[in-house]
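Visitor: okay, predicted coordinates and the sequence, questions at the end:
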2 protein chains.
Amino acid sequence: MADTDLHEHDAEAATPEDRVQGEGRQFDEENRLKPEFVRQVRESLRDDNEDSTYDLVEPLHPADIADLFELLERDDRRELAGAITDLMSGEVVAELNDYVREDMLEDLPPEAVAEIVGQLDTDDAVQLIEDLDEGDQRAILAEVEAGDRAVIETALAYPEETAGRLMQRELIAVPDSMTVGDLIDYLRSEEGLTTEFWEVFVVDHRFHPLGTCQLSWILRTPRSVKITDVMKRDQTLIPVEMDQEEVALRFQKYALISAAVVDENGRLVGQLTVDDIVHIISEEAGEDTLLLSGAGEGDINEPLRDAYSARVRWLVANLGTAVVASAIIAYFGAAIEQLVALAVLMPIVASIGGNAGTQTMAVTVRAIAMNQLTKSNTSRLVLRELKVALMNGATIAVLIGLATALIFSPQLGAVIAVAMVINIIVSGMAGVLVPVTFERLDQDPAVASSVFVTMITDSMGFFAFLGLAVASGLVSM
Amino acid sequence: MADTDLHEHDAEAATPEDRVQGEGRQFDEENRLKPEFVRQVRESLRDDNEDSTYDLVEPLHPADIADLFELLERDDRRELAGAITDLMSGEVVAELNDYVREDMLEDLPPEAVAEIVGQLDTDDAVQLIEDLDEGDQRAILAEVEAGDRAVIETALAYPEETAGRLMQRELIAVPDSMTVGDLIDYLRSEEGLTTEFWEVFVVDHRFHPLGTCQLSWILRTPRSVKITDVMKRDQTLIPVEMDQEEVALRFQKYALISAAVVDENGRLVGQLTVDDIVHIISEEAGEDTLLLSGAGEGDINEPLRDAYSARVRWLVANLGTAVVASAIIAYFGAAIEQLVALAVLMPIVASIGGNAGTQTMAVTVRAIAMNQLTKSNTSRLVLRELKVALMNGATIAVLIGLATALIFSPQLGAVIAVAMVINIIVSGMAGVLVPVTFERLDQDPAVASSVFVTMITDSMGFFAFLGLAVASGLVSM
């Protein structure tokens, strides 16, 4: 992997404003590239004016160049890549949205992709390659320099979305016999060490981590102090097979900047740094919104076919639950024929029940995702949700009951009020218990809970309302 | 603020397993405290056995002690705080859930809270104080040491959820005339400097940031090199009034470890470090799930009254939209009396439309939150969603159309099939356009979109289906 040159960060001939990332005339107040700027680039591309395109793009940070690609149409992306080849750093490629990157790489010959791979850190290189299909992977790896290839292949041998895939192999590990002075001399004298590190790992002769040393502690300590007297012995070790969601939670919980990754024998094999983990924290926290809605990956760059197949599967599942609800209505068909007001009001009961269930489900799924909910406090949450449901149910029942009594009849008002309370309680309980059950069965509660909760809230809404109408003698069957 | 002692991190008499955070007999495989362990602590508290409680809790990391508090009942929390007073470090208090912390602090005298405040970093102290009501704030600040009080009061003068509230005042800033050697000598010799820094800020004589220096670059560079030759001039400066959501996006986008915070005159006034920002990244990414469902803050520790008031407001709003849908059904009352099958089938149309709308809305809200959607690509997204809606609509229409034709009549099958296509398209478009419109009006799309999208999908579902049934001559009005 290319080593970062210590001095590469000096901006050449940049104006002072250009040096503040994400500000200046190209950006709106929310740090997004302005539509006018994107239009300018597009026009310059369509005029085949490579120099003016280059001048426009050159002041941007790699992350902003990646954003620019995502904002352009598919064809313009290819043009742009051609016009700014020497700005197409590994960092730009690493920052690109997965779908956009995959799409762009597909058009490139394996040698060109291999060249990009050579520029990247191990973790970014793995991320780039793992999304490609196996044939492309082999073709590209064949072109990659042998040392890098071995590293990438080792990483790819770990399961997807694990620490082994995410980690950087480049790290600083030193023996526990060193002093602070020895360590600084070692860092200064060794060529080829990474400069991307925030902590130094102290290891024993078997390469087992003994402790971690923040760089600030090293800098503030006299040279003669032993490294073992500066290091922190309490540390978070990440097993190489740990799932990325779990890794993200550890970084959050223990406020980590970097962490040692160890293999099954406890040997230090890599490091994870928080700048790579923030993407995962955001992804994992945001994906529940998408999963609960049945929108799959939900990325706006996802190919049409994938979006269709993820979403239609969900709609078909919901068609199934809707049919169950319909069957309940059909069962009460005679009652509806007697009193069409039932048909008018029944969607209200189902809809409010659905909302109440969704609220509780969202709270529960989020608490599970944040590791806040365990067997120790589940019964407390259930009790709490029951109380909220009672309060919500009572409030809504009074509103809809009075309105119905005024517009239709007092008896129908009473029926809908009672049905509402029942349905909000049932929905609230379903919203907690369904995700908790999935979690106990080791299933992702965000994926499957919605279908079940919807089925319960819809069916129970219609059943409670129509059933009560019959039971109260308002209509007969 | 208390300065971190360089050597405090040496674990005293810890067994090797205890040194790996979040592992050992107290934890399940997902790094949560085991219910058995929580039960043990609870029993020991109820037996009034302070020593055994202390021994149980002592090996835990502060973040895990905070988790333990959250898992216990309200009364047990107070007992625990009493039993482990000298483990109740600022870090434990800072890691506590806001609601749990507030509840616990309310019982303490202002002097005790002031003592905790004295132990904390500025940012944590501010976070602790800002949630309390003004009277309590004043009482506590009166007990805080004058220097700390001034710092906290300055921070509280900035609006909530801005960089000014989040930042640490403690940072390392050095003049651009220094060499690497000068810097290291300065760091070693100055007493009272923070050890919580990951980058050194280089400033001019007016305290304007000129560049940023990663500690690893300093450690790898000979003493004689000028600091201006090692620093990176391109930097992300965070204005003190920047909203925390925006701050979180910058940290993510530019992979920042720390960033300089500047006041309106461009002077360096504080720093933000990524370990404080990861909480916000996770919070901001996760809150959309809760906002879209109308669950408010959605924290399982939120007081009952707050949860009720947030959720019932939403249910009442949805009651309003459900009434609109009901009015449409009422308008077609005569048609339903003629053909009760309409009442049986109409919830299916509305329900699938609702799902399709929720999917598109989730995708759009997420893209807006991630700054992926701008005026440059909105029309592309609308077109894409139209295509997905057409494909989804066609698939579902065939399924439900055929089933209806077989069970009821071919004509009713045709009516529901066409209604389904119309409704899925309308819902899909509403799911994009409603949140985009709110965003353009500078409103949070996650807060208000659901109510509008639901109203559109419900009403249009019923209207399209019942209206087509009449228009096709299947029933008359």
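Guide: Sure thing, it's come through.
Visitor: drop to CA atoms for contacts and neighbour counts, all remaining ones
Guide: Noted.
Visitor: so which residues on the stretch 51-200 of chain A come close to chain B?
Guide: A:63, A:67, A:71-72, A:184, A:187-189, A:195-198 (Cα under 8 Å from any Cα of the partner chain).
Visitor: buried ones among these?
Guide: A:63, A:67, A:71-72, A:184, A:187-188, A:195-198 (16 or more other Cα atoms under 10 Å in any protein chain shown).
Visitor: and the helix or strand where A:Ala112 lies, what does it pack against?
Guide: Here A:Ala112, judged by DSSP states H and E, is contained in helix A:110-119. Packing contacts for helix A:110-119, counted by 3 or more Cα pairs under 8 Å, 6 or more residues apart in numbering or on different chains; DSSP states H and E, involve helix A:90-95, helix A:122-130, helix A:134-143.
Visitor: could I get the second one in CSV with only the CA atoms?
Guide: Backbone C-alpha positions of helix A:122-130 (Å, rounded to 0.1, in the frame of the first residue of the first chain) are rendered in CSV as follows:
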residue,chain,number,x,y,z
THR,A,122,-5.8,-2.1,3.0
ASP,A,123,-9.3,-1.4,4.5
ASP,A,124,-10.3,0.8,1.6
ALA,A,125,-8.9,-1.6,-1.0
VAL,A,126,-10.9,-4.5,0.5
GLN,A,127,-14.0,-2.4,0.6
LEU,A,128,-13.6,-1.6,-3.1
ILE,A,129,-12.9,-5.2,-4.1
GLU,A,130,-15.4,-7.0,-2.0
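Visitor: mind listing what's buried along the helix holding A:Ala112?
Guide: A:110, A:113-114, A:116-119.
Visitor: which one is the most centrally placed residue in chain A nearest to, not counting chain neighbours?
Guide: The centroid of chain A falls nearest to A:Glu283 when counting by Cα atoms, centre = their mean (1.3 Å). Nearest residue to A:Glu283, sequence neighbours excluded (Cα to Cα, 6 or more residues apart in numbering or on different chains): B:Ala285, at 7.8 Å.
Visitor: need the phi and psi values for A:Asp120.
Guide: Not Asp; residue A:120 is Leu. phi -90, psi 160 (degrees, to the nearest 10).
Visitor: quick one, domains of chain A?
Guide: According to automatic domain parsing, chain A comprises the domains A:17-166, A:173-289, A:303-471.
Visitor: so how far is the shortest one from its chain's centroid?
Guide: The gap between the average C-alpha position of domain A:173-289 and the chain average comes to 24 Å, counting by Cα atoms, centre = their mean, to the nearest Å.
Visitor: taking helix A:134-143 as reference, get the angle to the helix holding A:Ala112.
Guide: 70 degrees (axes from the mean of the first three to the mean of the last three Cα atoms, to 10 degrees).
Visitor: show residues contacting helix A:110-119.
Guide: A:1-2, A:89-90, A:105, A:125, A:128, A:136, A:139-141, A:143-145, A:148 (Cα atoms under 8 Å, 6 or more residues apart in numbering or on different chains).
Visitor: lowest pLDDT pick from the residues of the stretch 51-200 of chain A next to chain B?
Guide: The weakest per-residue confidence within these falls on A:Thr195 (81).
Visitor: excluding chain neighbours, what is closest to that one?
Guide: B:Ser216 (5.8 Å).
Visitor: moving C-terminal from the helix or strand where that neighbour lies, which element do we reach first?
Guide: Here B:Ser216 sits within helix B:215-219, counting by DSSP H and E. Using DSSP H and E, the next helix or strand after helix B:215-219 towards the C-terminus is helix B:227-230.
Visitor: can you name the next helix or strand after that next one?
Guide: Next along the chain after helix B:227-230, with elements defined by DSSP H and E, is strand B:237-239.
Visitor: go ahead and name everything in contact with the next helix or strand along the chain from that next one.
Guide: Next helix or strand after strand B:237-239 toward the C-terminus (DSSP H and E): helix B:244-253. By Cα under 8 Å, 6+ apart, the residues outside helix B:244-253 that reach it are A:30, A:63, A:275, A:278-279, B:161-163, B:166, B:236, B:238, B:256-257, B:274, B:277-278, B:280-281, B:284, B:370.
Visitor: now stretch A:393-400
Guide: Under Cα under 8 Å, 6+ apart, the answer for stretch A:393-400 is A:413, A:416-418, A:420-422, A:424-425, B:312, B:315-316.
Visitor: tell me the two of the residues you listed that are most distant?
Guide: A:Gly413 and B:Val312 (19.9 Å; Cα to Cα).
Visitor: so which of the contacts of helix B:244-253 are in helices?
Guide: A:63, A:275, A:278-279, B:163, B:166, B:274, B:277-278, B:280-281, B:284 (DSSP state H).
Visitor: list just the nearest of those residues to A:Val100.
Guide: A:Ala63 (13.8 Å).
Visitor: so what's the closest one up against?
Guide: A:91-92, A:95-96, B:253-254.
Visitor: dump the residue contacts of A:Trp448.
Guide: Not quite, residue A:448 is Ala, not Trp. Contacts of A:Ala448 (Cα under 8 Å, 6+ apart): A:292, A:438.
Visitor: now with 7 Å?
Guide: If you count contacts by Cα atoms under 7 Å, 6 or more residues apart in numbering or on different chains, A:Ala448 has none.
Visitor: which SSE is it in?
Guide: Going by DSSP H and E, A:Ala448 is in helix A:445-471.
Visitor: may I see the buried residues of that helix?
Guide: A:445-470.
Visitor: what's the span of stretch A:196-204, first residue to last?
Guide: 22 Å (Cα to Cα, to the nearest Å).
Visitor: list the contacts of that stretch.
Guide: Contacts of stretch A:196-204 (Cα under 7 Å, 6+ apart): A:171-176, A:209-215, A:257-258, B:216.
Visitor: try it again with 8 Å
Guide: By Cα under 8 Å, 6+ apart, stretch A:196-204 touches A:171-176, A:209-215, A:228, A:231, A:257-258, A:260, A:268, A:273, B:198, B:215-216.
Visitor: what is the helix or strand hosting A:Ala155 packed up against?
Guide: Assigned by DSSP H and E, A:Ala155 belongs to helix A:146-157. Other helices and strands packing on helix A:146-157, by 3+ Cα pairs under 8 Å, 6+ apart, are helix A:122-130, helix A:163-166.
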